[in-house]
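Peer 1: Sequence first, then the predicted structure, then my questions.
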Amino acid sequence: MGKIDFKAEANLLADEMVAVRRDLHMHPEVAFEEFRTAGIVAEALKALGLEVQTGVGKTGVVAILDGAKDGPTVLVRADMDALPIHEATGAEYASQTANKSHACGHDGHTAIGLAVAKMLNNHKDQLAGRVKFVFQPAEEVGKGAVAMINDGALMNPRPDVSIGLHLWNTLPVGVMGMADGPIMAGSSTWSVSLTGRGGHGAQPQQTIDPVVTAAHIVTALQTIVSRNVNPEDTAVVSVTQIHTGDTHNVIPQTAELVGTMRAFRTEVRDLVTTRMEEIIKNVAAAFGCAYTFEIDHATIPVVNNPEVNARLRPIMAELIGGEDKILTNTRTMGGEDMAFFMDDIPGVFMFVGSANDERGLNFGHHHPRFDFDEAALPIGAAVLASAVAEYLITE
């Protein structure tokens, strides 16, 4: 029996993928509101005869494709949610819902996942094992994977390997990123509330100024990465919001700071968290303010298993047109809750290039004008199907 040409099969499904993707793009649904999307996914999978479970993690869908013989279980994950961003692409298939859009490519991931299910279902007699398709909600808020895991997504059967991808507008179509180890950072959100003593702006000596305190905290936090984190490690501490005051001549009573923190290793994350609280506590004390500090470690780092990567890289190189098209240093401080599946199940998360500079399809993820070259859809489908076949088709 000859080797299956998933690239050719994916190309035959290209128009179907584009149609699905554009329909989802016009009807975006944000975290845990993916009812329409999940319904479309579930119906498509049921039509293939797969065993389908809905409502996993509220709006997630899990489907099992059993092969003809026993063997390992491969988890294939696709995320479904959109973002609370008003679209500004002007595309004919632009979002029809105000202030919501697929500005990250998850509509493409869902279309790819359904195409992969169709392709592999056509070859189920050749599969020795099973595929567990996981269509996940709420990736953008870092809560969907944990919700699905809590609802048993990694049980009955338990996967042996996990595979996922992200369409990536940092890379052109026809190029992939497959680095070993941490490739996406753990993502944390934090907030600080400062309470001083308000008063007249002309009589600052009678006040405890939370604005000045906040300014010193912002400056001091910038020393953590440069002076506490080992230069061989990587971390980001960003203050993204400061809220305080109502008018020009009043020193306010309170100030609030909000931001994000990222790290590739949990040890670094914990170090940064400790230093943040020490700085906030002591700067606030020095200026006489009371404080509260809260931090939510929303996601952990996405870590590619080197053995899985080594097994799949040659296959991807052949598929995409050469080893020079596989970049082994592609990493980002962005976060992804695929990390929670991969923390428990060894796996690989691949970046599939989706940008096209000539067509202006090169805006970054989460930009109001984000869009991708749909030529990446059949590439992504061929990538996932070929990765599964490496584990489940032995003949």
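Peer 2: Thanks, I have the structure now. Residues are numbered from 1 along each chain as shown.

Peer 1: where do the strands sit along the stretch 1-150 of the chain?
Peer 2: 51-56, 60-66, 69-79, 128-136 (DSSP state E, counting those that start in this stretch).

Peer 1: Can I get the ones you listed in JSON lines including distance to Asp209?
Peer 2: Glycine gets a C-beta too; all of them are placed from N, C-alpha and C. Formatted as JSON lines, the strands of the stretch 1-150 of the chain follow (distance: least, C-beta to C-beta, whole Å):
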{"stretch": "strand 51-56", "distance to Asp209": "50"}
{"stretch": "strand 60-66", "distance to Asp209": "48"}
{"stretch": "strand 69-79", "distance to Asp209": "44"}
{"stretch": "strand 128-136", "distance to Asp209": "46"}
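
Peer 1: Let me have these in CSV, adding mean neighbour count as columns.
Peer 2: Output for the strands of the stretch 1-150 of the chain, formatted as CSV (neighbours: other C-beta atoms under 10 Å):
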stretch, mean neighbour count
strand 51-56, 17
strand 60-66, 24
strand 69-79, 21
strand 128-136, 25
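
Peer 1: Where does pLDDT dip in the chain?
Peer 2: Residue ranges of the chain with pLDDT under 70: 1-2, 395.

Peer 1: Report the central residue of it.
Peer 2: For the chain, Glu336 is the residue whose C-alpha lies nearest the centre (C-alpha atoms, centre = their mean; 3.1 Å).

Peer 1: quick one: that one and Arg359, what's the gap?
Peer 2: Separation of Glu336 from Arg359 (C-beta to C-beta, to the nearest Å): 26 Å.

Peer 1: repeat for Gly196
Peer 2: 53 Å.

Peer 1: The two: who's more crowded?
Peer 2: Neighbours were counted for Gly196 and for Arg359 using other C-beta atoms under 10 Å; Gly196 has more, 25 against 10.

Peer 1: and the residue lying closest to the more buried one once chain neighbours are set aside, how many neighbours does it have?
Peer 2: Spatial nearest neighbour of Gly196, excluding adjacent residues (C-beta to C-beta, 6 or more residues apart in numbering): Ile208 at 3.6 Å. Residues near Ile208, counting by other C-beta under 10 Å, number 20.

Peer 1: Just list the residues touching Ile208, thanks.
Peer 2: By C-beta atoms under 8 Å, 6 or more residues apart in numbering, Ile208 lies in contact with 196-197, 287-289.

Peer 1: Any quick PyMOL command for the buried ones out of those?
Peer 2: The buried subset of these, as determined by 16 or more other C-beta atoms under 10 Å, is captured in PyMOL by this line:
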select buried, resi 196+287+289
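
Peer 1: okay if I get the contacts of Ile208 as CSV plus secondary structure and distance to Val302?
Peer 2: Listed next are the contacts of Ile208 as CSV, based on DSSP: H, G, I helix; E, B strand; the rest coil; distance: C-beta to C-beta, whole Å:
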residue, secondary structure, distance to Val302
Gly196, coil, 40
Arg197, strand, 45
Phe287, helix, 39
Gly288, coil, 42
Cys289, coil, 37
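
Peer 1: now, the most widely separated pair of the contacts of Ile208?
Peer 2: Spatial extent of those (C-beta to C-beta) is set by the pair Arg197 and Phe287 at 11.0 Å.

Peer 1: Any idea which of the strands of the stretch 1-150 of the chain gets closest to Thr330?
Peer 2: Smallest distance to Thr330 across these (C-beta to C-beta): 18.8 Å, for strand 69-79.

Peer 1: Would you mind getting the angle between the closest one and strand 128-136?
Peer 2: Orientation of strand 69-79 against strand 128-136 (axes from the mean of the first three to the mean of the last three C-alpha atoms, to 10 degrees) gives an angle of 20 degrees.

Peer 1: nearest to Gly57, of the contacts of Ile208?
Peer 2: Closest approach to Gly57 among the contacts of Ile208 (C-beta to C-beta): Cys289, at 40.2 Å.

Peer 1: correct me, but that closest one touches Thr195?
Peer 2: Yes - taking contacts as C-beta atoms under 8 Å, Cys289 lies within contact range of Thr195: 6.1 Å.

Peer 1: what's the overlap in contacts for the two?
Peer 2: By C-beta under 8 Å, 6+ apart, the residues touching both Cys289 and Thr195 are Pro210.

Peer 1: what's the distance between the residue nearest to Gly196 and Val239?
Peer 2: Applying C-beta to C-beta, the value for Ile208 to Val239 is 21 Å.

Peer 1: Helices along this structure, start to end?
Peer 2: For the chain, the helices defined by DSSP state H cover 6-12, 14-26, 35-47, 106-121, 144-150, 210-221, 223-227, 266-287, 306-320, 338-344, 376-392.

Peer 1: hmm, back to that, what sits against the residue nearest to the centre of the chain?
Peer 2: For Glu336, the contacting residues are 139, 166, 184, 299, 302, 349, by C-beta under 8 Å, 6+ apart.
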